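> Return atomic coordinates for the entry below.
(one chain, ligands or ions: 1)
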Amino acid sequence: MVAKGFIQRISTDGLPGLRPRNQLATEILENLAKFPHCILLTRVGQFYESYFDQAAEVARLLNIKLTSRKWDNQTVLMCGFPLIHLQKHLNTLVQQSNRFVALSEEFARPGPPGTRPLFDRRVVRIVTPGTLIDEPFLNHYENNYLLAISSDASRLLEGHDDVGLAWIDVSTGEFFTKYTTMEYLHDDVTRIRPREVVLTKKMESVDSCPVRAIVQRECPVVSYSDTVTPTPPQPLVQSVLASDSVSEHAEPPTTSTLSSHETSAVNLLTSYLRLNLLEFMPDLSAPNKEVAEARMEIDAHTLKSLEIQEGIQEGGTSGTLLGCVKKTVTGGGTRLLTRWLCSPSASLSEINARQSLVAFFHARPHLRRDFHERLRGIDDVTRTVQKFLLGRGSTSDIAAISTAISIWSFIKGRILLERELQLREQNNHLDPEWASVDALTLRMEDLTELARKIQTALDSATIQGSSETFEEDAILAQEQWQQGHRWSINPEFSEELSALHTRFQGLLKQREDLESDLQRHYNAPSLTLRSSPLHGLHVHVAKSKRDAAKVKASPAFTLIAESNSTCCLFHQGWAQVGSELLETSQNIASVEKAAFEALRNEVKMHETQLRRNARVIDELDVTLGFASLASDMHFTRPNMIDDCTFHVVNGRHPTVEIGLLSSGRMFTPNTVSLSPDSQLHIITGPNMAGKSTLLRQTALIAILAQSGSFVPADYAQVGIVDRLFSRIGAKDDLFRDRSTFMVEMQEAADILKKATPRSLVIMDEVGRGTSVRDGLAIAFAVVRHLYFKNNCRALFATHFHELSDMLGCTSDHRGAGPFGRIGFFCTDVQETEDFSILTTPLSSLDSFAYSHRLRPGVNKESHGLKVAQLAGMPPSTVAVAREIMARLKSDDVWIPPLRQDALQALGKSQIPGAASFEL
Ligand SMILES: Nc1ncnc2c1ncn2[C@@H]1O[C@H](COP(=O)(O)OP(=O)(O)OP(=O)(O)O)[C@@H](O)[C@H]1O
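Numbers count the residues shown, from 1 in each chain. Predicted coordinates:
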């Protein structure tokens with residue numbers, strides 16, 4: 001396994017000569033040799049440290065001081081930072097710099113009697129970008145996927161293109177597989193957006209391996225690993241869901257339903273996880289198998305160009321579909337929303353079930369309010385359960401699970417109440433949406449018994465402010481009982497614990513009495529009874545108050561240590577009581593540990609039910625969000641059908657509309673009606689008049705509808721789309737030796753290869769990147785292919801109005817003869833003197849407005865000069881262009897472009913037709 005871009009930086013100079021006498025140096029050298037692809041951070045006391053040449057790199061990346069130490073008379077570079085900075089620095093090394101970090105922890109081992117404990121160090125985990133667990137710097141609103149890809153590397157070159165995918169978010173346990181082919185691999189990788197990809201070592205060794213080429217384009221961290229058969233084989237526990245569904249209740253897939261390539265990918269993934277998570281390897285749930293036919297496939301380019309999850313210009317979600325429709329309030333809900341938007345459903349029943357839920361909540365704003373408020377107080381249970389499976393989790397995590405269970409019960413109860421109310425009010429009649437609501441609540445498991453156990457076990461006063469893990473809490477409690485640190489488990493949890501607490505309280509009272517007796521007897525108010533690692537159980541007295549003199553003089557005390565201001569003394573009575581206190585506190589700690597372990601096991605035992613309920617809540621959060629969105633932005637429920645129509649009345653582009661509204665402008669809605677009788681629309685019209693916006697909004701409406709959302713339109717009837725394609729926007733890819741036109745042609749070719757009669761294609765200005773003649777020819781050929789071969793629904797926006805002649809546009813704006821199922825539509829510019837209607841006023845002499853209204857017909861005017869003027873092109877240049885336009889229109893004569901230097905050389909009067917130009 002090798003992290004791309006990471007070069008092993010330990011110089012061989014210093015190492016062979018070094019004969020480390022101390023154990024630390026030996027361990028570090030061994031670990032460096034064992035994990036050569038990693039930065040090694042070794043825990044030494046309260047610090048994590050890096051040594052040798054790596055230290056220079058670590059110091060540079062973390063911006064910390066580089067220093068050195070002597071080992072065996074050799075100077076060794078080193079740097080380090082305190083424990084509390086670990087997460088911050090892991091974020092820098094792993095998340096930002098894509099480095100792999102081997103974490104070596106230290107473990108105390110009792111030394112010979114009378115000596116300090118010894119420490120063993122071992123690497124407990126390798127932290128890589130794709131194997132992050134509960135790191136606080138993880139964004140809870142996004143998945144952090146590790147993707148394994150398996151295929152027969154050598155046969156790929158011979159044309160065998162089966163590929164198995166397995167991907168997991170280790171921090172949540174969400175685990176998926178998919179069988180795919182090389183043709184769709186790029187689309188799948190783009191959609192999954194893995195943080196790290198694992199390929200087989202074979203793929204690394206095969207020259208020009210196509211999988212490697214695709215993956216390296218999309219993911220900055222690529223690792224190579226072999227599948228290692230676990231001994232004994234690790235069972236996969238039951239899966240949470242068969243699909244990403246609210247309506248389908250099929251049994252979870254067994255590993256036998258996976259294709260051989262998926263199984264290999266799962267094995268590669270689990271082997272890689274085991275190699276890296278080491279002591280943190282959890283039991284994995286069986287993966288959810290994704291079936292291509294059940295989802296709307298969105299190709300890689302479309303996913304990016306439609307800005308569904310990430311903006312093209314600045315990254316992030318601002319201006320994206322996700323940013324616009326996100327009304328979820330939980331991390332799990334937001335992750336699910338992202339998945340639904342990037343991979344909408346193609347199952348009619350599933351989509352209808354989701355939309356029924358949205359309709360249900362849309363009609364009930366009071367429930368929306370109530371549930372949103374409750375959901376805000378719920379923890380990310382999927383993540384918390386995973387923490388426990390990873391052997392982590394604290395008392396506050398356990399408490400969060402109990403809170404979540406109470407909220408789930410509230411929600412279920414509230415829905416039942418609503419049901420009763422409706423039955424009463426509507427004479428035993430229920431709206432049809434109730435079927436989906438019932439199906440959802442039926443999936444919720446009753447976990448009140450688990451919540452009761454947790455509430456009985458936890459001491460509610462201690463839950464706040466506890467540490468990351470119970471073990472850290474326990475150490476604090478044991479060490480800090482003198483400062484009144486609280487225990488975690490309710491003393492009433494068991495008779496044994498209750499008896500221990502009674503004894504502990506009795507001993508505390510004895511200590512208090514002894515302390516005040518001694519203070520009184522020796523007239524020493526500063527005297528206190530203490531315990532410390534250095535002096536053990538001792539009596540502490542302040543010298544300055546002269547208390548010490550009397551105490552020191554008494555034979556009941558033996559001096560242990562003194563400073564200028566205090567002294568520490570041994571006292572038999574306190575040693576007796578104190579050691580009993582210590583022993584009792586240790587006993588409490590170990591009983592608490594057992595109790596917590598029992599709770600942890602309870603959570604693990606209920607893993608599947610907890611995850612199921614959490615998943616129901618995720619769906620609830622998304623559908624509640626869709627309902628709020630529909631209400632806020634006046635979306636309507638689309639009518640979903642299983643045919644090839646797409647009829648949207650007064651549709652709007654959700655993100656453009658928000659942008660316009662924020663600057664006080666209105667969006668002009670438009671109607672698009674594709675059907676088997678009118679399956680392809682050619683859209684012409686001026687620049688800036690809204691053609692691309694119309695195309696994009698059509699695609700976004702299809703995505704929203706099939707995600708389960710309502711849509712921005714007055715009415716919509718959407719026939720299920722199996723694949724969505726867009727050819728929009730031009731982008732160079734010079735790095736991969738592809739010009740703008742080449743990129744455009746490759747994307748168009750891909751669409752023509754893959755679109756089916758159930759697909760929806762939007763194409764914007766295909767052919768514009770070359771000569772007019774070539775472009776027009778290509779545009780015609782593409783339309784013809786889409787129409788006859790793909791036979792799909794398509795919107796084709798173009799400035800080549802000649803296409804309308806080539807396709808024989810009739811007076812009722814349809815294609816002629818065999819092209820009769822093509823419709824012609826256009827947008828316009830309104831010339832006007834009325835400034836009040838202007839969208840974009842230029843001047844009083846040359847004023848116009850974009851109507852943005854689609855109408856049947858062909859518009860042969862592009863009004864490109866108006867846009868040039870609007871864009872601030874020099875007036876003289878615009879004047880030249882206008883003159884040439886006029887001549888082109890009148891005599892159809894081509895005037896060659898005039899070059900400034902040529903004009904100067906010749907004198908402008910000598911250039912025919914140039915005299916009138918202001919140059
Ligand atoms: N229906 C609409 N209502 C209101 N404003 C709109 C509408 N459609 C587009 N616009 C505005 O017009 C701008 C330009 O739209 P768009 O890019 O879709 O035009 P276009 O016809 O594709 O232009 P070009 O041919 O130059 O690519 C958008 O950024 C938006 O602000």
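> Just the pLDDT at the closest residue to residue 35 other than its chain neighbours, thanks.
Excluding its sequence neighbours, the residue lying closest to residue 35 (C-beta to C-beta, 6 or more residues apart in numbering) is residue 102, at 4.3 Å. In short, each C-beta sits where N, CA and C put it, glycine included. Residue 102 carries a pLDDT score of 96 in this model.
> Residue numbers of this protein in contact with the ligand?
Proximity of the chain to the ligand is assessed by C-beta under 6 Å from any ligand atom, with 656, 660, 667-668, 670, 685, 687-693, 852 identified as the residues in range.
> For my notes, confirm residue 560 occurs in a strand.
Yes: when classified by DSSP: H, G, I helix; E, B strand; the rest coil, residue 560 is found to be part of a strand.
> any idea how far it lies from residue 534?
According to C-beta to C-beta, to the nearest Å, residue 560 stands 9 Å off from residue 534.
> Name the residue in the two with the higher neighbour count.
Per other C-beta atoms under 10 Å, whichever of residue 560 and residue 534 has more neighbours is residue 560, with 14 against 8.
> roughly how far apart are the more buried one and residue 515?
Summarising the geometry, the distance separating residue 560 from residue 515, computed by C-beta to C-beta, is 18 Å.
> still on that earlier bit, for the helix or strand where the residue nearest to residue 35 lies, name the packing helices and strands.
Assigned by DSSP states H and E, residue 102 belongs to strand 101-109. The contact analysis (3 or more C-beta pairs under 8 Å, 6 or more residues apart in numbering; DSSP states H and E) places strand 101-109 against helix 23-34, strand 39-44, strand 118-127.
> part of a strand, is residue 681?
Yes: if the criterion is three-state DSSP, then residue 681 is within a strand.
> where does the nearest residue to it once chain neighbours are set aside land in three-state SS?
Of all residues beyond its chain neighbours, the one nearest residue 681 is residue 823 (4.8 Å), with distances taken as C-beta to C-beta, 6+ apart. The assignment at residue 823 comes out as strand when based on three-state DSSP.
> Test of understanding: give the bridge partners of residue 823.
Each beta-bridge partner of residue 823 is listed here, defined by DSSP bridges: residue 681, residue 814.
> Relative to residue 691, how far out is it?
The span separating residue 823 from residue 691 equals 14 Å under the rule C-beta to C-beta.
> what about the helices in the stretch 651-800 of the chain?
Per DSSP state H, counting those that start in this stretch, the stretch 651-800 of the chain carries helices over the ranges 654-662, 691-707, 740-754, 772-785.
> is it possible to export these to TSV including mean pLDDT?
Putting the helices of the stretch 651-800 of the chain into TSV (pLDDT from 0 to 100) gives the following:
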stretch	mean pLDDT
helix 654-662	90
helix 691-707	96
helix 740-754	88
helix 772-785	90
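> Switch those helices over to a markdown table; also include mean neighbour count and distance to residue 582.
Written out in a markdown table, the entries for the helices of the stretch 651-800 of the chain read as follows (neighbours: other C-beta atoms under 10 Å; distance: least, C-beta to C-beta, whole Å):
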| stretch | mean neighbour count | distance to residue 582 |
| --- | --- | --- |
| helix 654-662 | 17 | 64 |
| helix 691-707 | 25 | 60 |
| helix 740-754 | 18 | 72 |
| helix 772-785 | 17 | 83 |
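> Can you point out the buried residues in the helix or strand that contains residue 509?
Under the assignment given by DSSP H and E, the secondary-structure element containing residue 509 is helix 495-521. For helix 495-521, the buried set under the neighbour-count rule, 16 or more other C-beta atoms under 10 Å, comprises 497, 500, 501, 503, 504, 507, 510, 511, 514, 515, 518, 519.
> Equivalent analysis for stretch 424-441, please.
For stretch 424-441, a neighbour-count test (16+ other C-beta under 10 Å) marks 433, 434, 436, 437, 439, 440, 441 as buried.
> quick one: which of those is nearest to the ligand?
residue 433 (32.1 Å; C-beta to the nearest ligand atom).
> follow-up on the earlier one: relative to residue 180, which of the helices and strands packed on strand 101-109 is closest?
Proximity of the helices and strands packed on strand 101-109 to residue 180 was assessed by C-beta to C-beta; the nearest stretch is strand 118-127, lying at 28.3 Å.
> What is the neighbour count of residue 677?
Neighbour count of residue 677, defined by other C-beta under 10 Å: 11.
> actually residue 87, sorry about that
12.
> you'd agree it is up against residue 138?
No: checked against C-beta atoms under 8 Å, the pair residue 87 and residue 138 is beyond contact range at 10.1 Å.
> Okay, domains of this protein per the record?
Partitioning the chain according to automatic domain parsing yields domains covering residues 14-127, 145-305, 338-447+606-631, 470-593, 634-864, 874-910.
> burial count for residue 827?
If you count neighbours by other C-beta under 10 Å, residue 827 ends up with 25.
> ok, now how distant is it from residue 688?
For residue 827, the distance to residue 688 equals 9 Å [C-beta to C-beta].
> what residues are shared contacts of these two?
Shared between the contact lists of residue 827 and residue 688 (criterion: C-beta atoms under 8 Å, 6 or more residues apart in numbering) are residues residue 850.
> so what's residue 70 bridging to?
So, taking DSSP bridges as the rule, residue 70 has residue 75 as bridge partners.
> how many other residues sit next to residue 850?
By the other C-beta under 10 Å criterion, the neighbourhood of residue 850 contains 21 residues.
> Kindly apply the preceding question to residue 61 instead.
The number of residues near residue 61, taken as other C-beta under 10 Å, comes to 15.
> which residues sit in contact with whichever residue of the chain sits closest to the ligand?
Ranking the residues of the chain by distance to the ligand (C-beta to the nearest ligand atom) places residue 690 first, at 2.9 Å. Applying C-beta under 8 Å, 6+ apart, one finds that residue 690 lies in contact with 668, 670, 827, 850, 852, 854.
> now with 6 Å?
Residues touching residue 690, when contacts are defined by C-beta atoms under 6 Å, 6 or more residues apart in numbering, comprise 827, 852.
> Same check on the one 3 residues further on?
With contacts taken as C-beta under 6 Å, 6+ apart, residue 693 has the following neighbours: 653, 656.
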